[in-house]
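> Output the structure for:
(one chain, ligands or ions: 1)
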Amino acid sequence: MKPHSLILMLMIFLFILPIFPLIVADLKSDSQALLDFAAAIPHARKLNWNSSTPVCSSWVGVTCNLNGSRVIAIHIPAVGLRGSIPAHSIGRLDALKVLSLRSNYLNGNLPPDIASISSLQSLYLQHNNFSGQFPASLSTKLNALDISFNSFSGSIPLAFQNLTRLTVLNLQNNSISGAIPRLNLPKLKLLNVSYNNLNGSIPFSLQNFPSSSFEGNSLLCGPPLKHCSTISLSPSPSPSYLPPSSTISQNQKSIPNKKFGLGSIIVMAVGGSAMLFLLVLMIFICCLKRTDDDSKGVLKGKASRGGRNEKPKDFGSGVQEAEKNKLFFFEGCSYNFDLEDLLRASAEVLGKGSYGTAYKAVLDEGTVVAVKRLKEVVVGKKEFEQQMEFLGRVGQHPNVVPLRAYYFSKDEKLLVYNYMPAGSLFMLLHGNRGSGRTPLDWDSRVKISLGTARGIAHIHSEGGAKCSHGNIKSSNVLLTKDLDGCISDVGLTPLMNFSATLSRTTGYRAPEVAETRKITQKSDVYSFGVVLLETLTGKVPHQYPGGNQHDVVVDLPRWVKSVVREEWTAEVFDVELLRYQNVEEEMVQMLQIALACVTKLPDMRPQMVQVVKMMEEIKDKNRMSSESESNVQTP
Ligand SMILES: Nc1ncnc2c1ncn2[C@@H]1O[C@H](COP(=O)(O)OP(=O)(O)OP(=O)(O)O)[C@@H](O)[C@H]1O
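Alright, predicted model coming up:
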């Protein structure tokens, strides 16, 4: 080594030596703050945070700065965090820039020390159960704040006026009340305050945002919503005076009158030199680092790609490095991620089915998808791809859960679907039958059943006479946010071990299937008939873990037929439906369709297109007769 290099190295060493204990102490205090947080908050997925492993390289979701001295970002979305965050835990991370705790089950107040971390730039708390007033004191460096889908109440803090760097402000679906303050936020690109209890007029500075930013606040008025009437019941005008922030006023007061003495000048000169020295040092270190990197070349690139972020996730453990990025997207799919992103996403198990395990995966940019990791696929790659190609063609229908992408390798087969946040028909019918349950009304049951029937009819007609579903049941009827029924798991039966399917469809399986070991369109009609009976009776057609055994009827078609034969037809219907007036006839007609579907002889069952037609006729007839009744009553 040359002598001048040695001198420089010595200088660096001499400079770093005194600050090294400070670096270690800062990181230690950050890690302790995180450990305090994790100890107070139960979590479903392993965070791997413990004092014996290095914070910056092995703690899940934790990012440090370049020299590894401070924690600067925490991303732990959808890891099943529960409970309320204690004060003086995360709030102690005073170098934190990004905090993402979205899609967990956190509740209670947000500790004020988090919102006021002075370095904080992005705060993502959406989809939790936080409540109470959002803290009034906020980091003025914030550029993104998303607290949507919580239960925050109180008014929008006036301190929002000071968030001049804000580009995203999402407060939708909370219980925030009062008027919107006159926010003049020059960088704001995305604003959403919809579905709160806001009132008064929309401030002029925010009137350029679309009406969807404000909808769902019945007492809010003015452009882009309807004009405010001059005599408003609850005008609550926006506050016309906003006190300037304390920091601004202090700065304004102090700067003009300042006079510098000799002492101050010496301090400034010494400080300036130190800064200059630091700058030169940093440039030097960067140069050294680059030389080092260059000498490692491609290897270095590979190492970083395979680093902390690339740990295999539950649904991706069989994915090989060489096969990365071979995620195949179907045409028209707008998703913008690759396999690597998917494997890095945080995942939550939705359930285990006969075909494998389903996960909810939340990608870094906020996209949510459902991923199915298939087990026991019995076909080879070619056949698998042919089936996928077929599904790409057939699966395009509003009542079929869209398959967006797939991945195939020797050890891993993944299917990526749209995530359906409203859950399944099974959960809606049988989940939480105790107190606090929201009953499923008649119109919703009809809408879901008709949607499902349309989805199945579409597969039968588009896929050809030999195309059937083979696994129709209420947990495979998923719901859109408007409660429309969509059929899922389309086209998977031909890929799987037949006995696995047989064992899981008990209760919905047509009697001939066990004998012939063949799934047909007529056996799908039978299964749909059972789902319709389940929707009408509220009874579960099979035993299930944790279920209320009083609601289980092992052979539902047989039970319904026996009750109807005894002329106790009214007894078969779900008690929740008895409260609805004037729908008895419609209910009985739907019951007749269901019974036609579960006829023992396959040839006697209607085709799915006929089922759809009959259901539509019943719906239209009843709508027309109720309209004409109301017309008669109108004077
Ligand atoms: N796209 C999706 N969006 C939301 N939830 C889903 C999605 N796909 C599946 N689920 C849910 O995940 C859970 C497991 O689904 P999965 O289809 O793997 O099993 P299953 O329906 O219980 O049985 P089977 O494998 O026989 O269909 C179910 O509760 C289902 O409602």
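> Just the pLDDT for the closest residue to the ligand within the stretch 251-400 of the chain.
In the stretch 251-400 of the chain, no residue comes nearer to the ligand than Gly353, which is 2.0 Å away by C-beta to the nearest ligand atom. The way it works is simple: take the backbone N, C-alpha and C, and place the C-beta from them, glycine included. Gly353 is assigned a predicted lDDT (pLDDT) of 78.
> swap in Ala457?
The per-residue pLDDT reported for Ala457 equals 97.
> what does the one 3 residues further on give?
Per-residue confidence at His460 stands at 95 (pLDDT).
> Please give me every residue in contact with it.
By C-beta atoms under 8 Å, 6 or more residues apart in numbering, the contact list for His460 reads 467-468, 521, 524, 607-609.
> Leu536 reaches Val575, doesn't it?
No - in this structure Leu536 lies outside contact range of Val575 using C-beta atoms under 8 Å: 11.9 Å.
> ok, the contacts of His460 vs the ligand, which is closest?
Nearest member of the contacts of His460 to the ligand, counting by C-beta to the nearest ligand atom, is Asp524, at 13.9 Å.
> Surely the closest one is in a helix?
Yes - assigned with DSSP: H, G, I helix; E, B strand; the rest coil, Asp524 falls within a helix.
> Please determine how far it is located from Pro398.
Using C-beta to C-beta, to the nearest Å, we find Asp524 at a distance of 19 Å from Pro398.
> Compare neighbour counts for the two and give me the winner.
Asp524 (26 against 12; other C-beta atoms under 10 Å).
> Need the per-residue pLDDT for whichever residue of the stretch 451-600 of the chain sits closest to the ligand.
Here the stretch 451-600 of the chain gets closest to the ligand at one residue, Ser475, 3.7 Å apart by C-beta to the nearest ligand atom. We have a pLDDT of 92 for Ser475.
> Reduced to three states, what does it come out as?
Reduced to three states by three-state DSSP, Ser475 is helix.
> Does it touch Leu428 like I think?
No - contact criterion C-beta under 8 Å: Ser475 and Leu428 do not qualify, at 10.7 Å.
> Could you point out the helix or strand that follows the worst-scoring helix or strand of the chain on mean pLDDT?
The weakest-scoring helix or strand in the chain, judged by mean pLDDT, DSSP states H and E, is helix 298-305 (a mean of 26). Per DSSP states H and E, helix 298-305 leads on to strand 328-329 as the next helix or strand towards the C-terminus.
> Give the partner strands of that following strand in its sheet and their orientations.
Note on strand 328-329: by DSSP bridges, its sheet partners are strand 403-408 (antiparallel).
> average pLDDT across the first helix or strand past the partner strand going along the chain?
As assigned by DSSP H and E, the chain's next helix or strand after strand 403-408 is strand 413-418. What strand 413-418 shows for mean pLDDT is 92.
> Please enumerate the helices of the stretch 351-500 of the chain.
Counting by DSSP state H, counting those that start in this stretch, the stretch 351-500 of the chain has helices at residues 381-394, 425-430, 442-463, 498-504.
> Now do the first one: distance to the chain's middle.
Centroid separation for helix 381-394 versus its chain: 28 Å, with C-alpha atoms, centre = their mean, to the nearest Å.
> now do the third one
For helix 442-463, the distance from its own C-alpha centre to the chain's C-alpha centre is 26 Å (C-alpha atoms, centre = their mean).
> ok, Phe214 touching Asn196?
No - with contact defined as C-beta under 8 Å, Phe214 does not count as touching Asn196 (9.3 Å).
> Pairing partners for the one helix or strand Leu145 maps to, with directions?
Assigned by DSSP H and E, Leu145 belongs to strand 144-146. Looking at strand 144-146 with DSSP bridges, its partner strands are strand 122-124 (parallel), strand 168-170 (parallel).
> Quick check: which helices or strands does the helix or strand following the first one pack against?
Later in the chain than strand 122-124, the nearest helix or strand by DSSP H and E is strand 129-133. Under the contact criterion of 3 or more C-beta pairs under 8 Å, 6 or more residues apart in numbering; DSSP states H and E, the helices and strands touching strand 129-133 comprise strand 105-108, strand 151-153.
> could you say what helices and strands the first one packs with?
Judged by 3+ C-beta pairs under 8 Å, 6+ apart, strand 105-108 is in contact with strand 82-83, strand 129-133.
> Compare these and report which one is nearest to Pro224.
Comparison of the helices and strands packed on strand 105-108 against Pro224 by C-beta to C-beta identifies strand 129-133 as nearest, at 27.4 Å.
> Please point out which parts of that closest one sit buried.
By neighbour count on 16 or more other C-beta atoms under 10 Å, the buried set for strand 129-133 is 130-131.
> That strand pairs with which strands, parallel or anti?
Sheet pairing for strand 129-133, assigned by DSSP bridges, gives strand 105-108 (parallel), strand 151-153 (parallel).
> Below-threshold pLDDT in the chain: ranges please.
Along the chain, segments meeting pLDDT under 70 span 1-24, 44-45, 229-325, 364-365, 433-435, 498-505, 543-551, 566-568, 622-635.
> Around the ligand, which positions in it sit nearby?
Within the chain, the positions adjacent to the ligand are 350-351, 353-355, 358, 370, 372, 401, 417, 419-420, 424, 471, 475-476, 478, 488-489, 504 by C-beta under 6 Å from any ligand atom.
> Please narrow those residues to those residing in strands.
When DSSP state E defines the strands, the subset of those inside them is 350-351, 353, 358, 370, 372, 417, 478.
> For Ile519, which three-state class applies?
Ile519 is classified as coil under three-state DSSP.
> OK, contacts around it?
468-470, 493, 501, 513.
> for Val560, same thing?
Counting by C-beta under 8 Å, 6+ apart, Val560 touches 533, 537, 572, 591, 594-595.
> now swap in Ile156 and tell me
134, 171, 176, 178, 180-181, 193, 198.
> The same query, at a cut-off of 6 Å, please.
Applying C-beta atoms under 6 Å, 6 or more residues apart in numbering to Ile156 gives the contacts Pro181.
> Kindly provide the distance from it to Asn217.
The spacing between Ile156 and Asn217, counted by C-beta to C-beta, is 12 Å.
> Check Ile459 too.
Counting by C-beta to C-beta - Ile459 and Asn217 are separated by 42 Å.
> now Ala38
As judged by C-beta to C-beta, Ala38 and Asn217 stand 37 Å apart.
> same check, this time on Leu99
Remark: distance between Leu99 and Asn217 (C-beta to C-beta) = 27 Å.
> Likewise for Lys413?
Taken as C-beta to C-beta, the span from Lys413 to Asn217 is 46 Å.
> ok, now Tyr407?
43 Å.
> One more: Asn208?
Per C-beta to C-beta, Asn208 is found 18 Å from Asn217.
> Could you check which of these two is surrounded by more residues?
Set Asn208 next to Asn217 and count neighbours by other C-beta under 10 Å: Asn217 wins out with 20 against 11.
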